[in-house]
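# I would like to see how this sequence folds:
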Amino acid sequence: MEKNRNYFIAIGLSVLIVLAWQFLYMNPRIEAQRVAEEARRVQQEQLQAANPQTSPTPGVAVNGSLPGSTQAAAGATREQALARSPRVIIDTPAVSGSINLTGARFDDLHLRDYHETVDTKSPTITLLSPADTREGYFTEIGYIAGENSGSVPGPNTVWTLSGGDKLTAQTPVTLTYTNDKGVVFTRSVAIDEHYMLTVTDKITNPTGEAVNLASYGRVTRYNKPDHASVYVIHEGFIGVLGKEGGLSEHSYSSIEKEASVNPKATGGWLGITDKYWASALVPPQAVPYEARFTHFTDGQSRYQADYKTDAISIAAGQTSELKNLIFAGAKEVPLVDGYEQTLSIPRFDLLIDWGWFYFITKPMFKLMDFFFRYFGNFGVAILCTTIVVKALFFPLASKQYASMAAMKRVQPKMEELKAKHGDDRMALQQSMMQLYKEEKINPIAGCWPVVLQIPIFFSLYKVIYVTIEMRHAPFFGWIQDLSAPDPTSLFNLFGLLPFDVPHALMIGVWPIIMGITMFLQMRMNPTPPDPTQAMIFTWMPLVFTFMLASFPAGLVIYWAWNNTLSITQQALIMKRHGAKIELLDNLVGLFKRKSPANK
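Numbers count the residues shown, from 1 in each chain. Sure, this is the predicted structure:
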């Protein structure tokens, strides 16, 4: 029994260390990053004020290289930037915005279904922004000149709209450009009802000699996300480079130190991802390309994920066709999975950061999503998913509590052995092992449910924290966003007192419920005789209450509900095995020890 209890203490302390690391290290680090980013923005604004620019050039190809260099600082407002060049309107049920005919660049995109806050009247999410603005974030497909090619479409090329006047899910648009040698570039741009753009280029060579050129694509972004990234999720550069390639992830900070130039590959995708949104390029899947993740510091600081294909040759009088896909939108799980299947994009589901326990995390989301579609509430889906998980682990839990009941049953015999052998720990250990064998007790049977529930816990944490389906998803009452912490606080009587509470004191209703259920679950077992262990058991629920107060409300609700189910399960199983339930006695004993008469 004591060994089993010690194991529980070790598990609890391990989780406590992780939580303390988040609270004492990661949170200050995030705040420091936020302050540094704000200082950088101020410095950039001061630089812009001292050296105003009217129209920055968002990178041009030089000597066969990719666009991205020689760019001035950007300072126009969004309205000014949108008015500077001719545009084609984008209007679908999911997105709104426009295509910049200069460079045929996608640099103006809003996500209709997502708002900045839980208030549906708040502004919709702005994903892409023009290069002239300080928030520049855009994608672009172009070409790099080769032998006999003449001028080719690049960042400064002004395309001509020759078909369609508005890009919708039903009506593509056609753009054309004819260069100085008469080579005709015809670009068809289509969009589905969600976030996938299809860019199909037909290059017609009417000259009397072969034309050689290379294609490029890039996602360029000026700023990092407003919020600092945390260790549980990847934000930054991402890609699967090659049909059989593995996932490639790079943080902004690592690319600031050194660019990543990847070996030549065929197939795959690359881009830049945020927690909930992403912009990704899917190059022509049959053409070899070289991918690069880099950071530019000349002029306007910017981050870029790009690729450059091998040179293609278009014979005299022939037409060649290249097709690129551009994803720019919300990382909705069914949608991303669907694109992987229907468009044959290798491992595109990894655009969502499922974490190390991918094989647990993704099925858990699918189970939760099933319940959500049935009940229409993700909070209820969390409760139902917890019941299913508890049911799956019931055989192991039954063995765990049966082992605990058996350990209680032989407790008198164990006390006799301790008295018999005294300080001879070796003899005591051998005698106890013999006792376990005679009574058919497995002393480590109770460990497995705890060990196996650790990845379950972290997988559920990932689901709640990273999936966009959980963003702004309400439960009941005051919980309007399961991905955010409980917004109430004990220290202003849950909103009854008219003052705001510091973030560190935001101890809401659900964290308190979780702490109470954790306290009751721990009191289901005898209080450890060792004073240090007893102190840990007493204070651990309170510490966890403060630690988990900053976690997503959905995770705290799961933990409270899981504790409640565990208490009920343990009581029923131990009663069936004839073991005494210690909860009431432990609570009475706890208060007796605190009373003056018992001191």
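
# Burial check on the residue lying closest to residue 332 once chain neighbours are set aside, number of neighbours?
Spatial nearest neighbour of residue 332, excluding adjacent residues (Cβ to Cβ, 6 or more residues apart in numbering): residue 468 at 5.9 Å. Where you see a C-beta, it was placed from the backbone N, CA and C, and this is true even at glycine. By other Cβ atoms under 10 Å, 21 other residues sit near residue 468.

# With residue 547 instead?
For residue 547, using other Cβ under 10 Å, the count is 18.

# same question, the one 10 residues further on
Each residue near residue 557 was counted by other Cβ under 10 Å, and the total is 23.

# Which neighbouring residues are in contact with it, exactly?
By Cβ atoms under 8 Å, 6 or more residues apart in numbering, the contact set of residue 557 is 379, 382, 383, 475, 479, 482, 510.

# One more pass at 10 Å, please.
379, 382-383, 386, 464, 475, 479, 482, 486, 510-511, 513-514 (Cβ atoms under 10 Å, 6 or more residues apart in numbering).

# TSV please, covering those residues and showing pLDDT.
Shown next, in TSV, are the contacts of residue 557 (pLDDT from 0 to 100):
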residue	pLDDT
379	91
382	92
383	93
386	89
464	83
475	91
479	90
482	89
486	86
510	91
511	90
513	92
514	90
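
# Residue 188 in helix, strand or coil?
In terms of secondary structure, residue 188 is strand; the call rests on DSSP: H, G, I helix; E, B strand; the rest coil.

# Can you pull the phi/psi pair for the nearest residue to it once chain neighbours are set aside?
Spatial nearest neighbour of residue 188, excluding adjacent residues (Cβ to Cβ, 6+ apart): residue 200 at 4.5 Å. As for residue 200, its main-chain torsions (degrees, to the nearest 10) stand at phi -110, psi 120.

# got the domain boundaries for this protein?
As assigned by automatic domain parsing, the chain contains the domains 53-353, 362-598.

# Kindly report which one of those carries the lowest mean pLDDT.
The minimum mean pLDDT among these belongs to domain 362-598 (a mean of 78).

# Pull the distance from it to the chain's centre.
Centroid displacement of domain 362-598 relative to its chain, using Cα atoms, centre = their mean, to the nearest Å, is 26 Å.

# Surely the residue nearest to residue 332 and residue 275 touch.
Yes. With contact defined as Cβ atoms under 10 Å, residue 468 reaches residue 275; the gap is 8.3 Å.

# Now do the shared contacts for these two.
Taking Cβ under 10 Å, 6+ apart as the criterion, residue 468 and residue 275 both touch 331, 483.

# Deepest-packed of the domains of the chain, please.
domain 53-353 (a mean of 18; mean count of other Cβ atoms under 10 Å).

# Report the contact partners of the one residue sitting closest to the centre of the chain.
The centroid of the chain falls nearest to residue 466 when counting by Cα atoms, centre = their mean (3.5 Å). By Cβ under 10 Å, 6+ apart, the contact list for residue 466 reads 232-234, 275-276, 331, 333, 352-355, 361, 365, 483.

# Among these, pick out the one closest to residue 304, please.
Nearest to residue 304, judged by Cβ to Cβ, of the contacts of residue 466 is residue 234 at 17.8 Å.

# Look up how far residue 430 lies from the residue sitting furthest away from the middle of the chain.
Centroid-distance maximum for the chain: residue 420 at 57.2 Å, with Cα atoms, centre = their mean. For residue 420, the distance to residue 430 equals 12 Å [Cβ to Cβ, to the nearest Å].

# just residue 500 next, same as before
62 Å.

# for residue 314, same thing?
For residue 314, the distance to residue 430 - Cβ to Cβ - is 84 Å.

# Just give the closest residue to residue 224, not the sequence neighbours.
residue 252 (5.2 Å).

# What of residue 172?
Leaving aside its chain neighbours, residue 172 sits nearest to residue 190 (3.9 Å; criterion: Cβ to Cβ, 6+ apart).

# can you check residue 184 too?
Nearest non-adjacent residue to residue 184, counting by Cβ to Cβ, 6+ apart: residue 204, 4.4 Å away.
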